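Participant: structure for this input, please:
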Amino acid sequence: MIEEIEVLDSTGERRKISVNQLPVTCPRCNTYLSANVLGAIVTGTKSDARRDAIAVCQCTSGPCGSIFTAFYTIVTEGGVEEGRLLQSRPLEYSAPSEFSEAIRNLSPVFCLTYVQASYAEENGLSEICGAGFRRSLEFLCKDFAISRLKTDDAEVRKNKIIRSSLSQCIDEYLPDAIKDAAHRAAWLGNDETHYYRAWSERDIRDLKALIQLTAKSIDFTLEMEHYIALMPAPKM
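Facilitator: Next up, the predicted model:
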């Protein structure tokens, strides 16, 4: 469906151009919508080989209302300009998951890496964001394993954990209650860094869900151990 938007061009003139479509989903909340275009600019002049338009839009979903940008490439056919939608992006990224204080204290690098990988995903860097999520998982698992070392040979075992593969770390140092989610997250994470994909029917959404399940399992374990330490036995 052809729409029209008002743009400001390089000469300072305001005019309307046709676009093949307005954004149909908000890149922040993923709600289907009819975007409200607040303003737009067109780069270059009609004689340029490549021209683009950038529109500032607002999500019309009440609970969201986020501001985002829509990117168009300008095509001229028969003297008529048309903007063709390329992609929409949030103006800024936000942490996609609110990790608990316990997880943030346990592994700040995990939280930072996960957020940066999410930022890459939000901005269309689909071929590299998976590697970032895989890296965040390794920090989470290894930081948790290291935090549980209490024996006299803790430093030696810490070095072994640091140098171990992620799979070895999960097998040897994580409690059984965490292993199921962590192993599956590692399988999908490896697919994001290897040429061959063993789990072609799964995607980045499954990887993120399993990483978050791993974090929640660790969080539950830490909280349970906290209360067991506070209340080791019934009061008589």
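
Participant: contacts, neighbours, all on C-alpha from now
Facilitator: Will do.

Participant: on the three-state scheme, S200 is what?
Facilitator: Under DSSP: H, G, I helix; E, B strand; the rest coil, the three-state class of S200 is coil.

Participant: distance of it from L166?
Facilitator: Distance of S200 to L166, computed by C-alpha to C-alpha, to the nearest Å: 21 Å.

Participant: again with V115
Facilitator: V115 is 20 Å from L166, by C-alpha to C-alpha.

Participant: circling back: neighbour count winner among S200 and L166?
Facilitator: L166 (21 against 9; other C-alpha atoms under 10 Å).

Participant: secondary structure element holding the spatially closest residue to the more buried one that is not a sequence neighbour?
Facilitator: Leaving aside its chain neighbours, L166 sits nearest to E138 (6.0 Å; criterion: C-alpha to C-alpha, 6 or more residues apart in numbering). Element membership for E138 (DSSP states H and E) is helix 129-147.

Participant: contacts for the helix or strand following that helix, please.
Facilitator: Sequence-wise, the next helix or strand downstream of helix 129-147 (DSSP H and E) is helix 154-163. Outside helix 154-163, the residues that touch it by C-alpha atoms under 8 Å, 6 or more residues apart in numbering are K142, A145, I146, L149, C169.

Participant: any idea which of those has the most stuff around it?
Facilitator: Most neighbours among those, by other C-alpha under 10 Å: K142, with 23 neighbours.

Participant: ok, now which ones touch that residue?
Facilitator: Neighbour list for K142: I161, I162, L166, C169 [criterion: C-alpha under 8 Å, 6+ apart].

Participant: if you set the cut-off to 10 Å instead, what comes out?
Facilitator: Contacts for K142 (C-alpha atoms under 10 Å, 6 or more residues apart in numbering) come out as 107, 110, 158, 161-166, 169-170, 173-174.

Participant: highest neighbour count among those residues?
Facilitator: Neighbour counts for the contacts of K142, by other C-alpha under 10 Å, peak at F110, which reaches 25 neighbours.

Participant: what about that one, which helix or strand?
Facilitator: helix 108-122.

Participant: now for that helix, which elements pack on it?
Facilitator: Judged by 3 or more C-alpha pairs under 10 Å, 6 or more residues apart in numbering; DSSP states H and E, the packing partners of helix 108-122 are strand 80-90, helix 101-106, helix 129-147, helix 204-230.

Participant: would you agree A40 falls within a helix?
Facilitator: No. Under three-state DSSP, A40 falls outside any helix and is assigned strand.

Participant: domains in the protein, by residue range?
Facilitator: What automatic domain parsing lists as the domains of the chain is 3-90, 101-230.

Participant: figure out how far the first one is from the centre of its chain.
Facilitator: What separates the centre of domain 3-90 from the centre of its chain is 24 Å, taken as C-alpha atoms, centre = their mean, to the nearest Å.

Participant: with the last one instead?
Facilitator: The offset between the C-alpha centroid of domain 101-230 and the centroid of the whole chain comes to 15 Å, using C-alpha atoms, centre = their mean.

Participant: and if you look at stretch 77-95?
Facilitator: 21 Å.
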